[in-house]
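# No letters, just coordinates:
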């Protein structure tokens, strides 16, 4: 008898951030596993259900089905549930409340822990949805032990309902570095790359406010990313001549910039996972990060750490990278080893195991899942 599961394709109508990247890469790996007839896919009927405004990806074995009308939360809550025959995999923080047989990945609870980073309407929606979905969904996934602990702390779900299924590194290892005129002009061993938005919890202002001191040291900052005005409050940062706002970059430009810079600086106050440091490590770029939230879990001993409230500590790390013989090369080697421990294929297989568990297979790997969370 065939087991039927659908994947919530709402993420394919959204701008690409780390959350959407996660969903895309998990779907890509699931497609490869289904195409190969691997393990728990042999009796699995898997389809990707899309809203009308989504861009369909190229898949080999997973069928795609576009259903409408509507879009956004309205589509997810009212249209999607009517189109399902079995279980549902929702990979981007939200899913339909009407579906109980659902695996839902909640990446973080930043809307609760750092509400100042989000607009009031966005906050209110997530404040209501997350606890309701945490109680309704059959199983929750999240991307780090830190995030799992936060889901428990904020009473979104009990510990025994949560499985940690992290991001992978392989997509960044596939990037082919290619400079544009903009990234070439911004690159160099005197350039610090900062990736994120100007939301307060990203703490980019810490680096921007150091502009004068960085200029005295001959350093400049390449800011990568953009602000979604519907979600994030308007920024109040002031910019100096050695602060270079590059906006969004394609993967090839990002790889070239990371390989031709001093380091990635990642001063976040909170991160559910922290994909940019993992991508930097995978592409051979040293990382200086805040020792907060999930970042030590992701970076291990492959990064330098500095307090997110101490500009002098960040300057000291940048000086070490420039002046300490062999340090940059050591961090690059450690970073590649650390990044390799995070694998999209392994994460996709864990989702297959949870599907098997929820389908009550009589035997096999599906029964061997244990939650991995912090105390």
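Yep, it's here. This is a predicted model, so every value here is computed, not measured.

# Give the burial count for residue 337, as a bare number.
12 (other C-beta atoms under 10 Å). Bear in mind the C-beta positions are built from the backbone N, C-alpha and C, glycine included.

# hang on, it is in a helix, isn't it?
Yes - assessed by DSSP: H, G, I helix; E, B strand; the rest coil, residue 337 belongs to a helix.

# Tell me who's in contact with it.
Residue 337 makes contact with residue 302, according to C-beta atoms under 8 Å, 6 or more residues apart in numbering.

# which SS state does residue 171 fall under?
Taking three-state DSSP, the label given to residue 171 is helix.

# What residues does it make contact with?
Here residue 171 is in contact with 21, 25, 251, 279, 344 (criterion: C-beta under 8 Å, 6+ apart).

# what phi and what psi does the backbone show at the third one?
Comment: the main-chain dihedrals of residue 251 come out as phi -60, psi -40, following degrees, to the nearest 10.

# gap between the residue nearest to it when sequence neighbours are not counted and residue 256?
With C-beta to C-beta, 6 or more residues apart in numbering as the criterion, residue 251 has its nearest non-adjacent residue at 4.8 Å, and that residue is residue 175. Note on residue 175: its distance to residue 256, by C-beta to C-beta, to the nearest Å, is 9 Å.

# For these two, work out which one has more neighbours and name it.
Legend: neighbour count by other C-beta under 10 Å for residue 175 and residue 256, higher for residue 256 (22 against 19).

# Counting neighbours, what do you get for the closest residue in space to the more buried one that isn't next to it in sequence?
What sits nearest to residue 256 in space, not counting adjacent residues and going by C-beta to C-beta, 6+ apart, is residue 177, at 3.9 Å. Neighbour count of residue 177, defined by other C-beta under 10 Å: 17.

# Any chance of the backbone angles for residue 177?
According to degrees, to the nearest 10, residue 177 has phi -60, psi 130.

# in which helix or strand would I find the residue nearest to residue 219 when sequence neighbours are not counted?
Leaving aside its chain neighbours, residue 219 sits nearest to residue 190 (5.4 Å; criterion: C-beta to C-beta, 6+ apart). Assigned by DSSP states H and E, residue 190 belongs to strand 188-195.

# got the buried residues for that strand?
Buried positions in strand 188-195, judged by neighbour count with 16 or more other C-beta atoms under 10 Å: 191, 192, 193, 194, 195.

# Hmm, residue 261 and the second one touching each other?
It refers to residue 192. Yes - counting by C-beta atoms under 8 Å, residue 192 touches residue 261, with 6.8 Å between them.

# Quick check: neighbours shared by these two?
residue 222.

# Low-confidence ranges, the stretch 51-200 of the chain, go.
Within the stretch 51-200 of the chain, no stretch has pLDDT under 70.

# Now do the helices in it.
72-74, 110-113, 120-136, 145-153, 170-173, 181-186 (DSSP state H, counting those that start in this stretch).

# so how far is residue 218 from residue 240?
14 Å.

# no wait, residue 308
24 Å.

# Show me which of those two is the more surrounded one.
Neighbours were counted for residue 308 and for residue 218 using other C-beta under 10 Å; residue 308 has more, 22 against 10.

# got a pLDDT number for the more buried one?
pLDDT for residue 308: 97.

# Would you check that the residue nearest to residue 256 makes contact with residue 259?
Yes - with contact defined as C-beta under 8 Å, residue 177 counts as touching residue 259 (5.5 Å).

# Now the common contact residues for those two.
residue 283.

# helices or strands next to whatever helix or strand residue 244 lives in in the packing?
In the assignment (DSSP H and E), residue 244 maps to strand 243-247. The contact analysis (3 or more C-beta pairs under 8 Å, 6 or more residues apart in numbering; DSSP states H and E) places strand 243-247 against helix 181-186, strand 220-224.

# helices or strands up against the first one?
With contacts taken as 3+ C-beta pairs under 8 Å, 6+ apart, helix 181-186 sits against strand 220-224, strand 243-247, helix 251-259.

# Make JSON lines out of these and add mean pLDDT and distance to residue 201.
Below are the helices and strands packed on helix 181-186 laid out as JSON lines (pLDDT from 0 to 100; distance: least, C-beta to C-beta, whole Å):
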{"stretch": "strand 220-224", "mean pLDDT": "97", "distance to residue 201": "16"}
{"stretch": "strand 243-247", "mean pLDDT": "94", "distance to residue 201": "19"}
{"stretch": "helix 251-259", "mean pLDDT": "98", "distance to residue 201": "22"}
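
# Relative to residue 154, which of these is closest?
Minimum separation from residue 154 across the helices and strands packed on helix 181-186 (C-beta to C-beta) falls at strand 220-224, 30.1 Å.
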